[in-house]
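Trainee: I'd like to go over a predicted model; first the sequence, then the structure.
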Amino acid sequence: MTVMPRPSILSVEPYVGGESKIPGVNRIVKLSSNEGAFGPPPGAIEAIRAMAPEAHRYPDGSATALREAIGARFGLDPARIVVGNGSDELLALLILAYGGEGTELVMSAHGFLMYDITGRWAGCRVIKVPERNLTADVDGLLAAVGPRTRLVFLANPNNPTGSILPQAEVERLRAGLREDILLVLDAAYAEYVTRPDYDAGAKLVDATGNTVMTRTFSKIFGMGGMRLGWAYAPAPVVDILGRVRGPFNVNAAAMAAGVAALAEPGWIEKSVAHNTAWRGKVSEALSAAGIRVWPSEGNFVLADFGTAEKARAADAALRARGLIVRAMGGYGLPQALRITIGTAEECTMVIEALSAFMHG
């Protein structure tokens, strides 16, 4: 007899990250995973090096120094911050702790794939709600909620569409949900948003007992390889996460790098200015070439070619020049490519390649 897992596990397709290699191509420009354009801050690199001789020591399981640094940087209570092995770990722990067999998880149709993957892994019924103009539909999300719903996930800004909900709409979503439903606001791209009315989620966490905000060091701080994320949550949720997470779930080098990254003078300001400028330039140039570019608040743009066939041809044209972007078939958008905003040189290469493709 073959040992079998729970049936819901067999419905899960493994997550496939952005590609990083093209056979036969020497110089690769990877713009498929929304990694920070400038890599990690210099201080973070030095902190990682400095930790090497201490690699035999267990890390601080409470991540005290990092939680205090996050709290100081963003004006939050460190006691209500939980650090994870990437925000993915924290998202998974929330789903496993509050979801499971017999429950439902509601998400936007083109939301981050890990909500769906982990939800099914946990045994939840995952409900994907159609969007309006590739933007989460609050009325649709609320209408999808049923008696078994325990979790609602909203990425704001959303990956891969780049769309964002105004604060009033996020608040309306929370107000329309039952008290026994956990609203998880995934704000991985929060630092890139320049709208003055934007709040990543802290206000709702403070105002309610059933909202969680997750954040990451993988994007603007360029530390995807270190796997470092965090959550800000009500005290009872913090207690639950403390019960289910591993005792040493974040490594010492990642924590030291996180503290240093937060202290890097001008890093966020420099990165936001670059991203805003080049996101605009890429969007304008691709639009001029005849490609529909959806409005984005992240460090990427969604280029819509109208048909899956044309998107595949555009992807092939980029790959021929060593440019790797992200095909969106797995997100239900086969006609689109998601393109990370890289350095000025990398963005210029994308503009030239796609302009040539459209006019070829």
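Mentor: Now that the structure is in, tell me what you want to look at.
Trainee: Just give me the neighbour total for G123.
Mentor: 17 (other Cβ atoms under 10 Å). Just so you know, the C-beta spots here come from the backbone N, C-alpha and C atoms, and that holds for glycine as well.
Trainee: pretty sure it contacts I95?
Mentor: No - using Cβ atoms under 8 Å, G123 is not in contact with I95; the gap is 9.7 Å.
Trainee: The closest residue to E35 other than its chain neighbours: how many residues sit nearby?
Mentor: Leaving out its chain neighbours, the residue that sits closest to E35 by Cβ to Cβ, 6 or more residues apart in numbering is G224, at 5.3 Å. Using other Cβ under 10 Å, the number of residues around G224 comes to 20.
Trainee: again, but for the one 10 residues further on
Mentor: The burial count assigned to P234 is 17, neighbours taken as other Cβ under 10 Å.
Trainee: OK, contacts around the residue lying closest to it once chain neighbours are set aside?
Mentor: Nearest residue to P234 in three dimensions, chain neighbours excluded: G209, at 4.8 Å (Cβ to Cβ, 6+ apart). Listed by Cβ atoms under 8 Å, 6 or more residues apart in numbering, the contact partners of G209 are 179, 234, 236.
Trainee: what about the last one, helix or strand, and which?
Mentor: P236 belongs to helix 235-244 when elements are defined using DSSP states H and E.
Trainee: buried sites along the next helix or strand after that helix?
Mentor: Once the chain leaves helix 235-244, the next helix or strand it forms, by DSSP H and E, is helix 252-263. Applying a neighbour-count criterion of 16 or more other Cβ atoms under 10 Å, one finds 252-262 buried in helix 252-263.
Trainee: How far does helix 252-263 sit from its chain's centre?
Mentor: On the basis of Cα atoms, centre = their mean, to the nearest Å, helix 252-263 sits 19 Å off its chain's mean C-alpha point.
Trainee: what helices or strands is it leaning on?
Mentor: helix 42-51, helix 64-74 (3 or more Cβ pairs under 8 Å, 6 or more residues apart in numbering; DSSP states H and E).
Trainee: residue boundaries of the strands in the stretch 251-360 of the chain?
Mentor: 292-294, 300-304, 323-324, 326-327, 336-340 (DSSP state E, counting those that start in this stretch).
Trainee: Could you dump those into JSON lines and include mean neighbour count, mean pLDDT and distance to V83?
Mentor: Listed next are the strands of the stretch 251-360 of the chain as JSON lines, based on neighbours: other Cβ atoms under 10 Å; pLDDT from 0 to 100; distance: least, Cβ to Cβ, whole Å:
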{"stretch": "strand 292-294", "mean neighbour count": "18", "mean pLDDT": "98", "distance to V83": "33"}
{"stretch": "strand 300-304", "mean neighbour count": "26", "mean pLDDT": "98", "distance to V83": "25"}
{"stretch": "strand 323-324", "mean neighbour count": "23", "mean pLDDT": "97", "distance to V83": "30"}
{"stretch": "strand 326-327", "mean neighbour count": "22", "mean pLDDT": "97", "distance to V83": "27"}
{"stretch": "strand 336-340", "mean neighbour count": "27", "mean pLDDT": "98", "distance to V83": "25"}
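Trainee: Out of those strands, which gets nearest to P160?
Mentor: strand 336-340 (4.5 Å; Cβ to Cβ).
Trainee: ok, the closest one: who's next to it in the sheet?
Mentor: Note on strand 336-340: by DSSP bridges, its sheet partners are strand 300-304 (antiparallel), strand 326-327 (antiparallel).
Trainee: any chance of these in JSON lines, plus distance to G119?
Mentor: Shown next, in JSON lines, are the strands paired with strand 336-340 (distance: least, Cβ to Cβ, whole Å):
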{"stretch": "strand 300-304", "distance to G119": "23"}
{"stretch": "strand 326-327", "distance to G119": "22"}
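Trainee: To T340, which of those lies closest?
Mentor: Comparing the strands paired with strand 336-340 by Cβ to Cβ, strand 300-304 comes nearest, at 4.9 Å.
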